[in-house]
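Engineer: For reference, the sequence and a predicted model appear below.
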Amino acid sequence: MPRSFALYPSIISADLLNLQKEIQLLQNECDGFHIDVMDYHFVPNLTWGQPFINAIAQYTTAPLHLHLMISQPEAFVHSFALRSGDTVIFHIEAVTAPQIIIEYLKKQQCKVAIALKPATPLETIAPYGKQVDEILLMSVQPGYSGQSFLPASMDRLKKLVQLRDQQKSHFSIVMDGGITADNLPLLVQNGLNGAAVATALFTYPDRLAALKKLYNAAGVI
């Protein structure tokens, strides 16, 4: 049964030399795995490419929450081993024709999500609100894990909820960056539906206890 609030462990902060064990431990306890794909062009960092993503997709049945922090994602998305139910997130700032990638992902039976940098106007996603499954609000500057939550993100969350209501859209609102057990209760209270979690999970030796603490903070028992 789907939870009322979704948590996606962000493997960028996992023990990468023991990633198989990390995935095996968490895959039945979370809502999926958040994977940051960075190209050192759209953001000032470099992570993984298609072989790495496809290997994870073959290993786990947990949904992938694939965050494409890359330029021209429409040129690369076809090379990922996408599965029905996986979520693919592209940045509105990185595409010239969002409709093309939206339609492609829908044909693959994937969930479609649009990500926004902290300074990108929320109105940018207005034409696509009824077409996507999720909006990902960056609550830090994209590119690096371990940053502190930007306080202005709370106001952006409230405004995005208002925009969704005005449009009568049904997309989930997810945040990525600086999410902790301390700020989750207020975020949920203001309409947040899910979060990618990195250091708030993987800095603790007992991953399962840390994950449970986060779910409890979000009101999920």
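Structural biologist: Right, received. Where do you want to start?

Engineer: Looking at the chain, which helix is longest?
Structural biologist: For the chain, the helix with the greatest residue count under DSSP state H is helix 152-167.

Engineer: Need the contact partners of it.
Structural biologist: Under the criterion CB atoms under 8 Å, 6 or more residues apart in numbering, residues 118, 122-123, 126, 129-130, 135, 137, 139, 170-171, 173, 175, 177, 186-187, 190-192 lie in contact with helix 152-167. (C-beta placed from N, C-alpha, C; glycine too.)

Engineer: again, only this time at 10 Å
Structural biologist: Where contact means CB atoms under 10 Å, 6 or more residues apart in numbering, the residues beyond helix 152-167 that reach it are 116, 118-123, 125-127, 129-130, 135, 137-140, 150, 169-173, 175-179, 183, 186-187, 190-193.

Engineer: wait, what's in contact with the closest residue to residue 97 other than its chain neighbours?
Structural biologist: Distances taken as CB to CB, 6 or more residues apart in numbering put residue 74 closest to residue 97, at 7.1 Å, once the chain neighbours are dropped. By CB under 10 Å, 6+ apart, residue 74 lies in contact with 68, 90, 94-98, 100-102, 104-105.

Engineer: looking at this, residue 74 is in a strand?
Structural biologist: No. If the criterion is DSSP: H, G, I helix; E, B strand; the rest coil, then residue 74 is helix and not within a strand.

Engineer: Next one: it from residue 110, what distance?
Structural biologist: Residue 74 sits 14 Å away from residue 110 when distances are taken as CB to CB, to the nearest Å.

Engineer: swap in residue 203?
Structural biologist: For residue 203, the distance to residue 110 equals 31 Å [CB to CB].

Engineer: swap in residue 12?
Structural biologist: According to CB to CB, residue 12 and residue 110 sit 21 Å apart.

Engineer: and if you look at residue 165?
Structural biologist: Distance of residue 165 to residue 110, computed by CB to CB: 26 Å.

Engineer: Give the residue from the two that has the larger number of neighbours.
Structural biologist: residue 110 (22 against 10; other CB atoms under 10 Å).

Engineer: hang on, that one packs against residue 133?
Structural biologist: Yes. Using CB atoms under 10 Å, residue 110 and residue 133 qualify as a contacting pair, with a distance of 8.8 Å.

Engineer: Tell me the residue in the chain that is farthest from the middle.
Structural biologist: The C-alpha centroid of the chain is most remote from residue 166, which lies 23.7 Å away (CA atoms, centre = their mean).

Engineer: ok, now which ones touch residue 181?
Structural biologist: Residue 181 makes contact with 197, 200-201, 210, 213-218, according to CB under 10 Å, 6+ apart.

Engineer: Throw those residues into JSON lines and include pLDDT and neighbour count, thanks.
Structural biologist: Compiled in JSON lines, the contacts of residue 181 are given as follows (pLDDT from 0 to 100; neighbours: other CB atoms under 10 Å):
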{"residue": "197", "pLDDT": "98", "neighbour count": "26"}
{"residue": "200", "pLDDT": "96", "neighbour count": "25"}
{"residue": "201", "pLDDT": "98", "neighbour count": "26"}
{"residue": "210", "pLDDT": "98", "neighbour count": "17"}
{"residue": "213", "pLDDT": "97", "neighbour count": "17"}
{"residue": "214", "pLDDT": "98", "neighbour count": "22"}
{"residue": "215", "pLDDT": "98", "neighbour count": "20"}
{"residue": "216", "pLDDT": "97", "neighbour count": "13"}
{"residue": "217", "pLDDT": "97", "neighbour count": "21"}
{"residue": "218", "pLDDT": "97", "neighbour count": "23"}
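
Engineer: Right, I'll call it a day here.
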